[in-house]
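1. I would like the atomic coordinates for the input below:
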Amino acid sequence: MLFSVIIPTHNGLRFLERAVTSVLKQSYDDFEVIIVDDGSTDATPELIENLVGQASGTIHSLHQKNSGPGAARNRGVGVSSGRYLLFLDDDDELLPDALALFAKEIERDNQVDFLWAGHYSHDEQGKIKKHGRQPFSVNNLDNFLGYIRGRFGLSQGEGVLKREIFARLHYPESIRNNEDVVFFAQILALYRCRALAEYVVTIHKRKESCRHNIESIKATSDRVSALLFDPEILPAIYMPFKDEFLSSRYLSLFRALYYSGRFREARDAYAHAIRIHRGHLTQWSYLRKYVRAWLAF
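-> Residues are numbered from 1 along each chain as shown. Here you go, the predicted model:
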């Protein structure tokens, strides 16, 4: 089997069927779907049971105690059969030819470890944006730095990766925010990556998403940096960038606090970021917000 599409879900009753349907309607048919229920407390388990029953062996399901999206994805990998894995969030939708596109590229070059494309984003006001994908560098350090410095982003659902990667890496399970940042950055550092210009998924933006949870960001900023720059995983050439990355995590926290009107906390987060890495003083958009955070009182 070429693809395993792994869908973690927690109380995903409103959206899960849409995500699963987008996979079942693919124009390419060599795939399986694995739904991992991460301790849902609503009627999601009943929906999953119905979906499995209707799909003639294409869908498999697992249930686990609520442990977070990283643990759910890792658990799905453990029972998967596909040579390549695609992780789809339960509120997003694959475009109809996504798997066919990836299959064509894999047939052309089956040595690629990490194959990523573009996506559409759809917000709660109905606004749709296109997020294209620029080519990756042949130099892994360039890709790593481009990612941790925010020159490009990576999202679940817009790429596939070889299952062999999980013999070395996995999604961190000790954090529930930015676990994908750790995982993707380490892949970019260690594996052969290639980008496609096409679009393969629609990502639905929701304000209640964990990625916008300020308290979660506060709780995990230091942990994310420690997990990413694990010396047992990353070669020494990457270690000089640890402080810069940690500082950027606090700048992200500063921005979230600023837009939430929590100006005193925002100022503290900004000051901490600059103490860690003074080079970020030249990022004028953050500095302007920091000044405005003082003027807000």
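
2. wait, T220 touches V181, no?
-> No. Between T220 and V181 there is no contact under C-beta atoms under 8 Å: 9.9 Å. For glycine as for every other residue, the C-beta is placed from the backbone atoms N, C-alpha and C.

3. beta partners of the residue lying closest to P45 once chain neighbours are set aside?
-> Nearest non-adjacent residue to P45, counting by C-beta to C-beta, 6 or more residues apart in numbering: D37, 5.7 Å away. As for beta bridges, D37 partners with T9, H63 under DSSP bridges.

4. end to end on stretch 126-146, go ahead and measure it.
-> Using C-alpha to C-alpha, to the nearest Å, one end of stretch 126-146 lies 30 Å from the other.

5. who does the lengthiest strand in the chain touch, helix- and strand-wise?
-> Longest strand of the chain, by residue count under DSSP state E: strand 193-204. Strand 193-204 sits against strand 93-94, helix 98-108, strand 114-122, with contacts defined as 3 or more C-beta pairs under 8 Å, 6 or more residues apart in numbering; DSSP states H and E.

6. would you turn the ones you listed into a markdown table with mean pLDDT, distance to V201 and mean neighbour count?
-> A markdown table is the format used below for the helices and strands packed on strand 193-204 (pLDDT from 0 to 100; distance: least, C-beta to C-beta, whole Å; neighbours: other C-beta atoms under 10 Å):
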| stretch | mean pLDDT | distance to V201 | mean neighbour count |
| --- | --- | --- | --- |
| strand 93-94 | 98 | 5 | 23 |
| helix 98-108 | 97 | 6 | 18 |
| strand 114-122 | 96 | 5 | 21 |
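
7. right, and those - which one's nearest G82?
-> Nearest of those to G82, taken as C-beta to C-beta: helix 98-108 at 10.3 Å.

8. circling back to that earlier point, what is the burial count for the residue nearest to P45?
-> 24 (other C-beta atoms under 10 Å).

9. kindly report the same for V224.
-> Counted with other C-beta under 10 Å, residues neighbouring V224 total 21.

10. find the nearest non-adjacent residue to it, please.
-> N178 (4.8 Å).

11. okay, helices next: where are they in this structure?
-> For the chain, the helices defined by DSSP state H occupy 16-24, 44-54, 69-79, 98-108, 140-148, 179-190, 214-228, 242-259, 263-276, 284-295.

12. which of those has the lowest average pLDDT?
-> Out of the helices of the chain, helix 214-228 stands lowest, with a mean of 90 (criterion: mean pLDDT).

13. got a list of contacts for that helix?
-> Contact partners of helix 214-228, identified using C-beta atoms under 8 Å, 6 or more residues apart in numbering, comprise 148, 172, 174-178, 181-182, 185-186, 210, 234, 242, 245-246, 249-250, 252-253, 256-257, 260, 262.

14. ok, and for it, which residues are buried?
-> Buried residues in helix 214-228, counted by 16 or more other C-beta atoms under 10 Å: I217, K218, T220, S221, R223, V224, S225, L227, L228.
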